[in-house]
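J.: My questions concern the predicted model and sequence given below.
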Amino acid sequence: MADPAKRQRLSQVDSSAQTSSSAASMFTASQRDGAGGESRFVEGSIVRISMKNFLTYDSSVVYPGPHLNMIVGANGTGKSSIVCAICLGLAGKTAILGRGDKVGLYVKRGCPKGFIEIELYKRGGNVVINREIHVDNQSLWMLNGRHCNQKTVEEEVKALHIQVSNLCQFLPQEKVGEFAKMSKIELLEATEKSVGPPEMYEYHCELKNFRNKERELENVVKEKASFLEKAKQRNERNKHDVNRYYEKKRHLDVIELLEKKKPWVEYETTLNELKGVKREREEAKRQLSALRQAQAPMLRKIQEIENQLKPTEAQIKAKTAAIKEASNKCKQKQDQLDRKHKEIDDIKQTLRLKQMEEEDHQKRISNTRRTIDDLKAELAKVGDQPDVTPRINTINVELRRIQEERAKIEGEKADLRREKDHLFAESRSDELHVNYVYSFLLPEKLRGRHKDTHTALQWLRKNKEQFHGNVHEPMMLVINVRDPRFARYVEHHISFHDLRAFVFQRKDDMEKFMTEVRDKMNLKVNSISAPEESCSKRPPSRNIESLRRFGFFTYLREMFDAPDEVMSYLCHQYRVHDVPVGNEQTKAMIKTVIEEPYLKVLYTTEERYTVKRSFYSNKISTSNSAVHPSQYLTITVDTEEKRQLEQQIKACEQKSREIDERLKALQKDATALDRRDNELLAEKKRLSELKGKRRQLEQKISTKQDSLRQMEQSVIDLKKIEEETKEKIEAVNFQKVTIVKAFMAQMKLRAKLTMEKVYLALEAVGLTAEKTKLENDCREGASELKATDQKCNRLEVRKTELTEQCKGLLKRAKSICRMQSDESLPEDLHNVSLCYGSCFLLMQAFDKLPNTLDEIDAMLNEERSRAECFTGLSESVVDEYNRREQEIKHLEKELEDKSNALNAYRQNISEAKERWLNPLKQLVEQINDKFSDFFRSMQCAGEVDLHSENEEEYDKYGIRIRVKFHSSTQLHELTAHHQSGGERSVSTMLYLMALQELNRCPFRVVDEINQGMDPVNERRVFDIVVRTACKETTSQYFFITPKLLQNLQYADEMTILCVHNGAHMLPPNQWDEKTFIRRCLQRKARA
């Protein structure tokens, strides 16, 4: 921040920045008094410009004249601010000015809002436009004292023919170079808008639109014509396929007729066969009847025998069924007997199991008694051994001692572990404190400001072993400012590009690093190679003690620590060893301090001063800048504290190693105690088992005796069980007797039925023999009868088959011919006279075809073979052909309509072209005449012409400016590259002056266009500007320049506005024009 005194002085300069009202008021008063007031202004000209808190102005009012207005003032005084006010006050965009892109940037620094008021001349009452601009880029508009929106202002400005976006009317300082960069097309449009009739640009736009639509119609006509031609060609190619298709269709029609006639021929043939079968069947029936009458007596006798056999056979069947039923009942009784036999076997098996169970029970009792005897014998042996209780007590005492020693060791181990954990936590805390700043805080700040450098830093930390010399991370990470208050001086003195730079001891290491991160990883990083000879210990030019009288207390190098290579670079590049830092005393004595010849750069509490001495005049010039708060070097580490922390970390690590050794020794002692404890426990267990063995034996004997008593009490009574078994067997045998009686009764019934069946069978055999004898007698006549009967049956079946076949063939034939079920053809297919209607047509077609199946099949095969020769054809070919024929007719109609529309459009374009091009050519000729005259008056050559490569391409029309500044050269087109900057400025200025006399726009603004002109051309151009812009018929003109040549020619119609800026400027409310004029006259009288 700047100190208070500096801020106060700058504020006074800004607040007093103003337009010199003396000349402005003087010329304006003379014009109004002598020329009838505002009547000399062109409609839309600027009458007044008021600015408040706008850029360099606190408050200022400018009264321009109706003709040429020269705005003169040194650079930085606020000339271009007037241009900005005109642009923004008339609803222009900030992009036109080429300065700040936000309108809030045009408010004076430190103010919340600024104001612009522009008064435009208009017959019937001037137009006053107010714009209030806020720093948050919001604007409030007023038109003639009423609030409105920006669009309303834009419409009002447009109605007065003001175009601040047109470089031919409004050329700000930052856009002067862009005029020469304008293309011919852009220059034509700008000229049309600036000096052409209002309808000229509209006609041009209309022509371009007409041409675009004409192009579209031409393309449509071409496409339609091309498509039509292709469709015709395609249809011509398909015509042969269509003819072949119809040839194939004729064969297919014949095949269809043959296939329709064939079922009728088949039906007729089958019908004739059916009639023959019927006649043959009737004949066979007559023969069969005669044969049957001849054999009737024998057949009656045979029939009587058959009638007798039927009841006999029925009785035999009944007897057979009764015998079968009796047999089933005998089988059931036999099954019941078998089940009773099995039941007796089960009862006997149950008895045997009980006997075996009792036998096992007695064996267990015997085994238990033997076991009790054995246990008693063993118990007697154990009672003779000595008592082991004293030995067990001794072992218990030893175990308690071992337990106490083990607890003591575990306690000591726990204390050592706690101490180790405490040391680890302390060491970790110190290490984190040291690494937090270097590994997290500063890298995070670096990543937020420059991500590529942060990425390169991560790569370096992983690959540091690839380098041979010292490699230091970005300076902002390795510089440690001793006192955070001094960080801002160091950060202000070293550029950010160097603060984020990596420092290398060796150049080959730097090249390797840049190859990896810049070329391969595509990162934008900075790197620095330290000087080969170290400069870090270089002494200052003067001892700091000799500077303490000025308030200096140290040099910049003493405020921070850094690695030797980094410090060497900073001393070599930034001379940090020779830049003193002072306090408030230094600020108070700054005028005396800067007189010291050996001080070039110095710091006070809040500012940096740079002192320069002129090599020629030895005059001193100083520049100062505020020292802003530090952003990157505020995080500092106390070097002594860091060293102490590192020593503490090493001491903690040493103590931790000693604790580990002690823990290993204690663990060894604990292992030995565990081994002794296990041995004593094993001995105690053995003695305890020996002591408890007698008690176990006594307990086992008691258990076995209890078990023996239970077994002796649970003895099975076998006699009782045997008696119960005998009773069960007797009951089952009684049931068996009943079943046997029933079984015998069924056996007797079955035998009786069998005898009866035998008698009936013998009777049937006698009748059958008699029947056989009779049948043998009439077998000779029966064979003939049978053959005749079979023939009748066969003919009947054939008749039925042929009848069904005829029906099916008739139905199929009608279906194929698409006939109704009640419609029929004559039985004689060859008699056409019997047919009528569709039947007649069909019979006519059938009459031309063969009448036999063989001939029809032969003709079908022939026609099918011919039809198969026409492959790859389908009905879609004909449909496509017919559809395309319709399309061709439709396309021909469309093409005719589009061609007529195109001809009509071309007629309209021709008429519009005459309305636009003829006035445009006249306008360009007028501009060329003025432009050429201006260049001839400067002993140069220049011309303006209407250029177009194709007369029909209206969007390619443009204005071409060609100039020649040297007699030895040819005319060259004005471009941004061929001519020099001064030549482009002259050409631009003269073109604008050529437009000036055409006078369609109300005013023009040209800002510092004479910069870069040589004095000769500048004088010539100035004379042309004065002569042209001061004519009665021309519009208002603003010419802004920071300097003017001496002895220029001025005109009475000019208005000169002088802009001054300085600490001794009077505020606008204290300016007195009469006093100023009186003093000027007094100075002239004294001279």
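T.: Received, thanks.

J.: tell me the helices in the stretch 601-750 of the chain, going along the chain?
T.: 639-713, 718-777 (DSSP state H, counting those that start in this stretch).

J.: same for the longest one, what does it pack against?
T.: So the one you mean is helix 639-713. Counting by 3 or more Cβ pairs under 8 Å, 6 or more residues apart in numbering; DSSP states H and E, the packing neighbours recorded for helix 639-713 are helix 296-382, helix 389-436. To be clear about C-beta, it is placed using only N, CA and C from the backbone, and glycine gets the same treatment.

J.: quick one, which of these is nearest to residue 856?
T.: helix 296-382 (52.8 Å; Cβ to Cβ).

J.: Just the angle for that closest one relative to helix 718-777, thanks.
T.: 160 degrees (axes from the mean of the first three to the mean of the last three Cα atoms, to 10 degrees).

J.: tell me what helix 296-382 is packed against?
T.: helix 639-713, helix 718-777.

J.: still on that earlier bit, please render the helices and strands packed on helix 639-713 as TSV that adds mean neighbour count to the earlier fields.
T.: Below are those laid out as TSV (neighbours: other Cβ atoms under 10 Å):
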stretch	mean neighbour count
helix 296-382	13
helix 389-436	13
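
J.: Quickly, which of the helices of the stretch 601-750 of the chain bottoms out on average pLDDT?
T.: The minimum mean pLDDT among the helices of the stretch 601-750 of the chain belongs to helix 639-713 (a mean of 77).

J.: among the helices and strands packed on helix 639-713, which gets the worst mean confidence?
T.: Among the helices and strands packed on helix 639-713, helix 389-436 carries the lowest mean pLDDT (a mean of 75).

J.: Go over the secondary structure and confirm residue 131 is in a strand.
T.: Yes: counting by DSSP: H, G, I helix; E, B strand; the rest coil, residue 131 is part of a strand.

J.: Spatially nearest residue to it (excluding sequence neighbours)?
T.: residue 116 (4.7 Å; Cβ to Cβ, 6 or more residues apart in numbering).

J.: Which secondary structure state does that neighbour sit in?
T.: Applying three-state DSSP: residue 116 is strand.

J.: same thing with residue 59?
T.: Using three-state DSSP, the structure places residue 59 in strand.

J.: host element of the closest residue to it other than its chain neighbours?
T.: Spatial nearest neighbour of residue 59, excluding adjacent residues (Cβ to Cβ, 6+ apart): residue 52 at 4.8 Å. Assigned by DSSP states H and E, residue 52 falls within strand 46-54.

J.: thought residue 292 was touching residue 788?
T.: No: judged on Cβ atoms under 8 Å, residue 292 makes no contact with residue 788 at a distance of 9.2 Å.

J.: more crowded one of these two?
T.: Shown here are residue 292 and residue 788; by other Cβ atoms under 10 Å, residue 788 has more neighbours (19 against 14).

J.: any idea which helix or strand carries the more buried one?
T.: With DSSP H and E as the criterion, residue 788 is inside helix 779-816.

J.: Which positions within that helix qualify as buried?
T.: 782, 785, 788-789, 791-792, 795, 798, 802, 805-806, 809-810, 813-814 (16 or more other Cβ atoms under 10 Å).

J.: And for stretch 700-708?
T.: 701, 704, 708.

J.: for this structure, what's the longest helix?
T.: helix 198-294 (DSSP state H).

J.: helices or strands up against the helix holding residue 788?
T.: Helix 779-816 packs on helix 198-294, going by 3+ Cβ pairs under 8 Å, 6+ apart.

J.: per-residue confidence averaged over the helix it packs on?
T.: 75.

J.: Give me the distance from it to the chain's centre.
T.: 54 Å (Cα atoms, centre = their mean, to the nearest Å).

J.: Also compute the angle for the helix holding residue 788 relative to helix 718-777, please.
T.: Going by the same axes, to 10 degrees, helix 779-816 makes 90 degrees with helix 718-777.

J.: Quick one: mean pLDDT over helix 779-816.
T.: Here the average pLDDT along helix 779-816 is 78.

J.: Offset the numbering so it begins at 5, please.
T.: New numbering, starting at 5: the last item is helix 783-820.

J.: now it, how far from the chain's geometric center?
T.: 84 Å.

J.: returning to what we had before: any chance of JSON lines for the buried residues of stretch 704-712, columns distance to residue 1059?
T.: Output for the buried residues of stretch 704-712, formatted as JSON lines (distance: Cβ to Cβ, whole Å):
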{"residue": "705", "distance to residue 1059": "145"}
{"residue": "708", "distance to residue 1059": "144"}
{"residue": "712", "distance to residue 1059": "148"}
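
J.: And those, which is closest to residue 904?
T.: After measuring these against residue 904 - Cβ to Cβ - the closest member comes out as residue 708, at 133.9 Å.

J.: quick one, what contacts that closest one?
T.: Listed by Cβ atoms under 8 Å, 6 or more residues apart in numbering, the contact partners of residue 708 are 372, 375-376, 379.

J.: Now do residue 744 against residue 338, distance only.
T.: As judged by Cβ to Cβ, to the nearest Å, residue 744 and residue 338 stand 10 Å apart.

J.: for residue 959, that is, sorry about that
T.: Distance from residue 959 to residue 338, by Cβ to Cβ: 124 Å.

J.: Over to residue 739?
T.: Following Cβ to Cβ, the distance that separates residue 739 from residue 338 is 14 Å.

J.: Quick check: closest non-adjacent residue to residue 59.
T.: residue 85 (4.1 Å).

J.: Could you check how far stretch 599-607 is from the centre of its chain?
T.: Using Cα atoms, centre = their mean, the offset of stretch 599-607 from its chain centre is 60 Å.

J.: Can you give me the neighbour number for the residue nearest to residue 135?
T.: 23.

J.: looking at it, it is touching residue 143, isn't it?
T.: No: in this structure residue 120 lies outside contact range of residue 143 using Cβ under 8 Å: 9.6 Å.

J.: So for these two, which residues contact both of them?
T.: Shared contacts of residue 120 and residue 143, counting by Cβ under 8 Å, 6+ apart, come down to 135, 137.

J.: Spatially central residue in the chain, please.
T.: residue 455 (24.2 Å; Cα atoms, centre = their mean).

J.: Could you tell me how far that residue is located from residue 465?
T.: 16 Å.

J.: ok, residue 59 to residue 672 distance?
T.: Counting by Cβ to Cβ, the gap from residue 59 to residue 672 is 88 Å.

J.: Give me the more crowded residue out of those two.
T.: residue 59 (21 against 10).

J.: Out of the helices and strands packed on helix 643-717, which is closest to residue 764?
T.: helix 300-386 (5.0 Å).

J.: my read is residue 953 is in a strand, agree?
T.: No: counting by three-state DSSP, residue 953 is not part of a strand but coil.

J.: one step back: between the contacts of residue 708, which is nearest residue 326?
T.: residue 372 (70.0 Å).

J.: Name the nearest residue to the closest one, sequence neighbours excluded.
T.: Using Cβ to Cβ, 6+ apart, the nearest residue to residue 372 is residue 712, at 4.7 Å.

J.: mind checking how far the nearest residue to residue 1039 once chain neighbours are set aside is from residue 1008?
T.: Nearest in space to residue 1039, with sequence neighbours left out and distances taken as Cβ to Cβ, 6+ apart, is residue 46 at 4.5 Å. Going from residue 46 to residue 1008 by Cβ to Cβ gives 11 Å.

J.: and for the two, which residues touch both?
T.: 1039-1040.

J.: Between these two, point out the one with more neighbours.
T.: Shown here are residue 46 and residue 1008; by other Cβ under 10 Å, residue 1008 has more neighbours (22 against 19).

J.: hang on, isn't that one packed against residue 996?
T.: Yes: using Cβ under 8 Å, residue 1008 makes contact with residue 996 at a distance of 6.4 Å.

J.: circling back: in three-state terms, how would the residue nearest to residue 1039 be classified?
T.: Residue 46 is classified as coil under three-state DSSP.
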